[in-house]
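Colleague: got a predicted structure plus its sequence, pasted below:
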Amino acid sequence: MSSSTATQAPRWHWEDFTDGLTMEFGPKVVDRDEVIRFATDFDPQPFHLSEEAGKASLFGGLAASGWHTAGMVMRMMCDGFLLDSSSLGSPGLESLKWIKPVMVGDQLRARMIVLGSRAMKSKPHVGLVNTRWEAVNQRDEVVMTIESWAMFRRREPAAPEQAS
């Protein structure tokens, strides 16, 4: 999907994120050169920088940084729906868990599950969406989870006293 332009309304608004909605995006193959480049710039631990150090580590091979995994999932989410949404950002993460290592050659998918939503009392044009994001590898193993709230513009803002 492409990002919305000023003349085109975004497809996804707060009202579209109903409880239980599940969307999946990807896949993205974890590339060796990207793993090393990301680690060199942002997480230069040896097991992210070389196959030899990775093999000598608990991972048993060159592993992607957890932050790189989060970035790959974010990119899949942006390409999948966020760039065609009324997203207003996020107030932050409630949890981030790296469950299994992500290795070079793994094929990741991103899954987003809506856990709940509510309108903002103070901003009737904004709704909050509580989500769980999962990174899933080619063996259908969940390798990372993120739980967070996101803010989206409402298609039809409520009157301030009607927002809950």
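Modeller: Cool, got the structure.
Colleague: ok, residue 47 - how many residues close by?
Modeller: 23 (other CB atoms under 10 Å). (Glycine included, C-beta is placed from N, CA and C.)
Colleague: what sits against it?
Modeller: By CB atoms under 8 Å, 6 or more residues apart in numbering, the contact set of residue 47 is 53-54, 56-59, 62-63.
Colleague: please report how far it lies from residue 127.
Modeller: Per CB to CB, to the nearest Å, residue 47 is found 41 Å from residue 127.
Colleague: cool, and residue 108?
Modeller: From residue 108 to residue 127 the distance is 29 Å (CB to CB).
Colleague: what about these two, which has more around it?
Modeller: Taking neighbours as other CB under 10 Å, residue 108 and residue 127 compare with residue 127 leading, 26 against 22.
Colleague: could you find the closest non-adjacent residue to that one?
Modeller: residue 14 (3.0 Å; CB to CB, 6 or more residues apart in numbering).
Colleague: contact partners for residue 139?
Modeller: For residue 139, the contact set (CB under 8 Å, 6+ apart) is empty.
Colleague: with the one 5 residues further on instead?
Modeller: By CB under 8 Å, 6+ apart, residue 144 lies in contact with 66, 69-70, 73, 96-99, 102, 134-135.
Colleague: show me the strands in this structure, by range?
Modeller: All strands of the chain, identified by DSSP state E, fall at 22-29, 92-98, 107-119, 126-136, 142-153.
Colleague: ok, which of the ones you listed comes nearest residue 85?
Modeller: strand 142-153 (6.3 Å; CB to CB).
Colleague: the closest one: how far from the chain's middle?
Modeller: 6 Å (CA atoms, centre = their mean, to the nearest Å).
Colleague: ok, stretch 80-91 next?
Modeller: 11 Å.
Colleague: and if you look at stretch 100-108?
Modeller: 16 Å.
Colleague: now do the end-to-end distance for it.
Modeller: 12 Å (CA to CA, to the nearest Å).
Colleague: in the top helix by length along the chain, which residues are buried?
Modeller: Ordering each helix of the chain by length in residues (DSSP state H) puts helix 66-80 first. Neighbour counts over helix 66-80 (16 or more other CB atoms under 10 Å) mark 66, 68-70, 72-73, 76-80 as buried.
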